[in-house]
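Asker: Fold the following and give me the result.
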Amino acid sequence: LAPLTRPGPVDVMADVVSPLVGDVISVLIGVPLRLQDSGHISRVFSQVIGVSKRRKLEQELRDLRAALTEAFPDADDLVIGMKLSLAILGRDALMGTLGCSLHQVIAQGEGRAFDQIDWPQLPPRTGVPYIDRMALCPVSVAGKTYEPGAVLRGDLARLEQSDDARAPMSFFGAGAHLCLGRAISLDLWKVMMVALRTSGARARVQHYSLRRDDVFHVPETFLLEMF
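Answerer: Numbers count the residues shown, from 1 in each chain. Predicted coordinates:
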């Protein structure tokens, strides 16, 4: 987070969020997550990426699986698969949540010193704008009945517009659908807020845009001028 505490230009995704998330995921899976900022592994869910990106994705998955197998030679396929899945599910979701949330807070408090900004206890934006679930039995939602096999989409991004301070907690679902990464995501956000709240730095947003992605909300460009 050091680039966010000293004067000068900052590429927030390249200089802060991407390496931070990469370090966290690396600790969790037990091997370095050596991906470029344009890493494709989390786009395995995408229905629109082209053949070229799909090939890069598959190569990244092969490389990561090979690294895991080398690091854990006695692990069975289930353990390797769980570590691989954690990297796939966690990287872009966490990058998006942190990047989009930082942008909202800094943009709303633009020009104010970080120690004067009211940093929220929960990330106000999510990197996962929707989730799909398939009905396993007849189910009624909002007065309409869905048969087994029907796919329902939960629009998590709509919660970003809620005035309820606890609404962001719903980003992570509940019960059997609780996000397995909720605890570490919230802990990481709190640690970041403590670090930034103690800084008297100020920031001005120079440019911000989301990448073209049909699965995650991840900033493609997030440039700040610190002063």
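
Asker: Now do the strands in this structure.
Answerer: 8-11, 130-134, 139-141, 144-146, 151-155, 203-210, 219-226 (DSSP state E).

Asker: what mean pLDDT does the helix ranked longest in the chain have?
Answerer: Assignment by DSSP state H gives helix 77-108 as the longest helix of the chain. Here helix 77-108 scores 96 as its mean pLDDT.

Asker: Low-confidence ranges, this protein, go.
Answerer: Residue ranges of the chain with pLDDT under 70: 35-39.

Asker: follow-up on the earlier one: run the angle between the longest helix of the chain and strand 219-226 for me.
Answerer: 50 degrees (axes from the mean of the first three to the mean of the last three C-alpha atoms, to 10 degrees).

Asker: from the strands of the chain, which stretch is densest packed?
Answerer: Looking across the strands of the chain with neighbours counted as mean count of other C-beta atoms under 10 Å, the highest average goes to strand 219-226: a mean of 19. Any C-beta I mention is one placed from the backbone N, CA and C, and that applies to glycine too.

Asker: So which other helices or strands are in contact with that strand?
Answerer: The contact analysis (3 or more C-beta pairs under 8 Å, 6 or more residues apart in numbering; DSSP states H and E) places strand 219-226 against strand 8-11, helix 12, helix 77-108, strand 203-210.

Asker: Alpha carbons only: can I get stretch 17-26 in PDB?
Answerer: In PDB, the C-alpha atoms belonging to stretch 17-26 read as follows (Å, rounded to 0.1, in the frame of the first residue of the first chain):
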ATOM      1  CA  VAL A  17      -4.100  -4.400  -6.000                       C
ATOM      2  CA  SER A  18      -2.600  -7.000  -8.300                       C
ATOM      3  CA  PRO A  19       0.600  -7.700  -6.300                       C
ATOM      4  CA  LEU A  20      -1.400  -7.600  -3.100                       C
ATOM      5  CA  VAL A  21      -3.900 -10.200  -4.200                       C
ATOM      6  CA  GLY A  22      -1.200 -12.200  -5.800                       C
ATOM      7  CA  ASP A  23       0.700 -12.400  -2.500                       C
ATOM      8  CA  VAL A  24      -2.400 -13.400  -0.600                       C
ATOM      9  CA  ILE A  25      -3.400 -16.100  -3.000                       C
ATOM     10  CA  SER A  26       0.200 -17.400  -3.100                       C
END
